[in-house]
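Chemist: build me a model from this:
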Amino acid sequence: MLLERIALLADMVRAFVWGPPMLVLLVGTGVYFTVKTGFFQLSHIGLWFKKTLFSCFTGAARAKNGKNAVSPFATMCTALAATVGTGNIAGVATALTLGGPGAVFWMWVSAFFGMMTAFAENTLGMLYREKGPDGAARGGPMLYLRRGLHSPFLAGAFALFCVLASFGIGNMSQCNSIAAGLSGSFGVPPLATGVCTAVLLGVTLLGGLTRISRVTETLVPAMALFYMGGAALVLFAHRAALGPALGQIVGSAFSLRAGASGALGCGLARAVRIGVSRGVFSNEAGLGSSVMVHAAADAKEPCEQGMWAVFEVFFDTVVMCTVTALVILCSGVYGAGGETGAALTAAAFSTVFGPLGGGFVSVSLVLFAFSTLLGWSYYGQRGVEYLLGARAVPVYKALFVLATAAGCTMRLELAWTLSDAFNGLMALPNLVGVLALRREALAEWRRYRRVNHI
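Modeler: Here you go, the predicted structure:
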């Protein structure tokens, strides 16, 4: 009875935090900063690509202050590790099923404006960061809520929601996806998966952010290339359907019937809501999560670190989620067999890889889910450190590892609901802080432009 009441309450909270008012606030914040910066995403696209992706080939993205320093590229990879997860494979397929192809267009819209929300929150994170006892930089929404907005209550609320979310969406739900993927495709017992995952995670966590970032800056590019390479083969095999698929996405975005071939009868409002919510859920722009790792970067310019956050949102949603959607639409499996989630994505890959398609998707899910574990483990550590001090971090790490093993063997319907709720609740105090401190973020952008003659 108690669990039923908790589940009902959690479902009500989730419906609110991912409902229309919150989505309007999330997207509206991005719209505000987009307008105030003169549509930075487009007007300065060359600049933020130069300072992010292209800097990886010049050495500018590397750390410069010692062997334990964390480079801007490594922090971006750690943030991407947390966002590029099962949602990029299973979540996109679910969005297509519930909201139709038009939902993908609204994912693009949420990502376009989310880039500027991410830019603003990460610029603030750099402005208000501080040095920890070990001399390393520390930051996050907790600091600009406490030091900038002078609200210890909102800072504490954000940290608490972050810690709780780290065990749900950042841990047990991801572990469950790992166990399900390995069990379904390769027959690996969930308990064995849990033990192995816990050991690998524990070894990584012992090295702190430095080791986490070193693992993610290798793992994230490798898993992205692995998945994108397989997707490219599927798209090449179905290249004749690529144009019609893109037309279907754009055309269905404004259709009053946007379900699977219209059969579901999903209206325009449903496509918008599902697309925007899935986009926000995927890239986490506005939740404040990525601020905690970006603020630890060995970088001096707040706006340049904000540009890494812009690229992060772009890559997660505009690139990765779009690729999954196109694979499903071009392969002809959408609306054909009744599959949804990861099964629908696996069916799409199987049109080219045959029986190996399911295994390919399962391996991708494992890599994506494990990377999410790494990213969220750091977020949780920062939340615990803020609330209880550095002495509590080892206890948190131990509990996080134990939750990993448990997540592989548990049924997680309630955990999913609770984690969705806590994940969304993080956005409330964060957006209050970002909007209240909007002048500081914009002033820093104007200073950067003036100093660099942009």
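Chemist: leaving out sequence neighbours, find the closest residue to L329.
Modeler: Spatially, and ignoring its direct neighbours in sequence, L329 is nearest to A245 (3.9 Å; Cβ to Cβ, 6 or more residues apart in numbering). Backbone N, C-alpha and C define where each C-beta goes, glycine included.
Chemist: I'd say that neighbour and T324 touch.
Modeler: No. Counting by Cβ atoms under 8 Å, A245 does not reach T324; the two are 12.0 Å apart.
Chemist: so which of the two has more stuff around it?
Modeler: Set side by side, A245 and T324 give different neighbour counts by other Cβ atoms under 10 Å, the larger being at T324 (27 against 21).
Chemist: can you read off the pLDDT for that one?
Modeler: Confidence at T324, expressed as pLDDT, is 92.
Chemist: now do the one 4 residues further on
Modeler: According to the per-residue confidence, I328 scores 93 in pLDDT.
Chemist: and L2, by the same measure?
Modeler: The score at L2 is 61. That number is its pLDDT.
Chemist: equivalent analysis for the one 3 residues further on, please.
Modeler: R5 carries a pLDDT value of 73.
Chemist: now Y379
Modeler: Model confidence at Y379, given as pLDDT, is 90.
Chemist: try the one 4 residues further on
Modeler: Per-residue pLDDT puts G383 at 93.
Chemist: what distance do you get for the closest residue to R138 other than its chain neighbours to L209?
Modeler: Leaving aside its chain neighbours, R138 sits nearest to G132 (4.5 Å; criterion: Cβ to Cβ, 6+ apart). Here G132 is placed at a distance of 10 Å from L209 (Cβ to Cβ, to the nearest Å).
Chemist: more neighbours: which of these two?
Modeler: For G132 versus L209, the count of surrounding residues by other Cβ under 10 Å is larger for L209: 22 against 13.
Chemist: what helix or strand is that one located in?
Modeler: Using DSSP states H and E, L209 falls within helix 208-237.
Chemist: what packs against whichever helix or strand comes after that helix?
Modeler: Toward the C-terminal end, the helix or strand that comes next after helix 208-237 (DSSP H and E) is helix 242-253. Under the contact criterion of 3 or more Cβ pairs under 8 Å, 6 or more residues apart in numbering; DSSP states H and E, the helices and strands touching helix 242-253 comprise helix 102-127, helix 268-283, helix 322-331.
Chemist: can you pull the buried residues of stretch 349-367?
Modeler: When neighbours are counted by 16 or more other Cβ atoms under 10 Å, the buried residues of stretch 349-367 are found to be 349-353, 357-367.
Chemist: of those, closest to E301?
Modeler: Checking the buried residues of stretch 349-367 against E301 by Cβ to Cβ gives L367 as the nearest, at 31.9 Å.
Chemist: grab the nearest non-local neighbour of that closest one.
Modeler: Of all residues not flanking L367 in the chain, M223 sits nearest, at 3.9 Å (Cβ to Cβ, 6+ apart).
Chemist: how far away is the one you found from L374?
Modeler: The gap separating M223 from L374 is 12 Å, by Cβ to Cβ.
Chemist: ok, F57 next?
Modeler: From F57 over to L374 the distance is 25 Å, taken as Cβ to Cβ.
Chemist: the more surrounded of those two?
Modeler: Neighbours were tallied for F57 and for L374 using other Cβ under 10 Å; the higher tally belongs to L374 (24 against 8).
Chemist: ok, that one - contacts?
Modeler: With contact taken as Cβ atoms under 8 Å, 6 or more residues apart in numbering, L374 is in contact with T78, A81, A82, L201, T204, I212, V215, T216, L219.
Chemist: and it, which of the three is it?
Modeler: Applying DSSP: H, G, I helix; E, B strand; the rest coil to L374 yields a three-state assignment of helix.
Chemist: show the model's pLDDT score for it.
Modeler: At L374, the model reports a pLDDT of 83.
Chemist: okay, now the unreliable bits of the stretch 151-300 of the chain?
Modeler: Segments of the stretch 151-300 of the chain classed as low confidence (criterion: pLDDT under 70) are 255-275, 278.
Chemist: how does it look with 80?
Modeler: Segments of the stretch 151-300 of the chain classed as low confidence (criterion: pLDDT under 80) are 168-186, 206-217, 253-284.
Chemist: returning to what we had before: what are the buried residues along the helix holding L209?
Modeler: 208-210, 212-217, 219-220, 223-224, 227, 230-231, 234-235.
Chemist: what sits against the most centrally placed residue in the chain?
Modeler: When the chain is reduced to its mean C-alpha position, the closest residue under Cα atoms, centre = their mean turns out to be T83, at 2.1 Å. T83 makes contact with S282, N283, E284, S290, E312, D316, T372, G375 under the criterion Cβ under 8 Å, 6+ apart.
Chemist: from those, pick the one nearest S185.
Modeler: Distance to S185 across the contacts of T83 (Cβ to Cβ) is lowest for T372, with 19.2 Å.
Chemist: run a quick neighbour tally on the closest one.
Modeler: By other Cβ under 10 Å, the burial measure for T372, its neighbour count, is 27.
Chemist: surely it touches G85?
Modeler: Yes. Counting by Cβ under 8 Å, T372 sits close enough to G85 to count as a contact (3.8 Å).
Chemist: overlap of the contact sets of these two?
Modeler: Common neighbours of T372 and G85 are listed as Q174 (criterion: Cβ under 8 Å, 6+ apart).
Chemist: quick check: the residue nearest to R138 vs E301, distance?
Modeler: For G132 relative to E301 (Cβ to Cβ), the value is 21 Å.
Chemist: same check on D420?
Modeler: Separation of D420 from E301 (Cβ to Cβ): 35 Å.
Chemist: also S183?
Modeler: Applying Cβ to Cβ to S183 and E301 gives a distance of 47 Å.
Chemist: swap in S166?
Modeler: In this structure, S166 and E301 are 29 Å apart, going by Cβ to Cβ.
Chemist: of those two, who's got more company?
Modeler: Between S166 and E301, S166 has the larger neighbour count (other Cβ under 10 Å), namely 30 against 17.
Chemist: residues contacting the more buried one?
Modeler: With Cβ under 8 Å, 6+ apart as the criterion, the residues that contact S166 are W376, S377, Y379, G380, G383, F400.
Chemist: so how do I select the buried members of those in PyMOL?
Modeler: Those of the contacts of S166 that count as buried under 16+ other Cβ under 10 Å are selected in PyMOL with:
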select buried, resi 376+377+379+380+383+400
